[in-house]
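[1] How does the following fold in three dimensions:
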Amino acid sequence: MADKYTERIKRVYDKYSMPMVYPVPLLDFAQTLGYEVRDFVLTPENRNISGAVMYKDKRILLNPSEYEKRRNFTLAHELGHIILGHGRDRDSEYDTRETVWNPEKNSREYAADELAAELLMPEEEFKKLWTAYGNVPELADAFEVSIMAAKKRLDRLGIKYER
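    Residues are numbered from 1 along each chain as shown. Predicted coordinates for the structure are as follows:
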């Protein structure tokens, strides 16, 4: 399954002549795609929103209360929506914590999550560093993702680790 996401990501890197480096410079990646990344103003009504894409305005909005490694995955997830062409049928899209934490409930969210995981933690590089480090915290740090994101990637790749 990762192959279709890997191919999509590779096409973007090739189209824009971007170097593949890890951790991925996500702000540069977004800017290359023509999107500005900003925090949204936090209110009681939107505090459960992790991120949003405003397709027409070419903006990605992130929740300022989430910590950096969580925000990295959220930004990659929003980039996933863009790369997968989800903006063709709507003006904007936002992700609540519920949809981000349980993407299996929505196929668009699941696809954006899978693409984000492959963008941030490409399978080949991820497996290589897992072999080198052998522990989740160092692996997560290497890719600048949360421990939860690294564990989910290990699970989805079928890699056994000590819980």
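[2] For the chain, which segments count as strands?
    Per DSSP state E, the chain has strands spanning 36-39, 49-54, 59-62, 92-96. These are given in chain order.
[3] Same list (the ones you listed) but as CSV, adding mean neighbour count.
    Heads up, the C-betas are built off the backbone N, CA and C, glycines and all. Formatted as CSV, the strands of the chain follow (neighbours: other C-beta atoms under 10 Å):
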stretch, mean neighbour count
strand 36-39, 14
strand 49-54, 22
strand 59-62, 22
strand 92-96, 18
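[4] Of all these, which one comes closest to S146?
    With C-beta to C-beta, the closest approach to S146 among the strands of the chain belongs to strand 49-54: 12.3 Å.
[5] Against which helices or strands is whichever helix in the chain runs longest packed?
    Criterion DSSP state H: the longest helix present in the chain is helix 68-83. Of the remaining helices and strands, those touching helix 68-83 by 3 or more C-beta pairs under 8 Å, 6 or more residues apart in numbering; DSSP states H and E are helix 2-15, helix 26-32, strand 49-54, strand 59-62, strand 92-96, helix 107-120.
[6] Show me which positions of that helix end up buried.
    Judged by neighbour count using 16 or more other C-beta atoms under 10 Å, the buried positions of helix 68-83 are 69-83.
[7] And for stretch 124-141?
    Taking 16+ other C-beta under 10 Å as the basis for neighbour counts, the residues of stretch 124-141 that come out buried are 126, 129-130, 136, 139-140.
[8] Could you tell me the end-to-end distance of it?
    Distance across stretch 124-141, first residue to last, is 17 Å (C-alpha to C-alpha, to the nearest Å).
[9] how far out from the middle of the chain is it?
    On the basis of C-alpha atoms, centre = their mean, to the nearest Å, stretch 124-141 is displaced by 18 Å from the centre of the chain it belongs to.
[10] And the contacts of it?
    For stretch 124-141, contacts defined as C-beta atoms under 8 Å, 6 or more residues apart in numbering pick out 22, 69, 142-143, 146-147, 149-151, 153-154, 157, 159, 161.
[11] got the contact list for the most centrally placed residue in the chain?
    With distances taken as C-alpha atoms, centre = their mean, A76 lies nearest the centre of the chain, 2.5 Å away. Residues in contact with A76 (C-beta under 8 Å, 6+ apart) are 24, 26, 115-117, 119-120.
[12] picking up where we left off before, closest one to R38 among the helices and strands packed on helix 68-83?
    That would be, of the helices and strands packed on helix 68-83 and by C-beta to C-beta, strand 59-62, which comes in at 5.9 Å.
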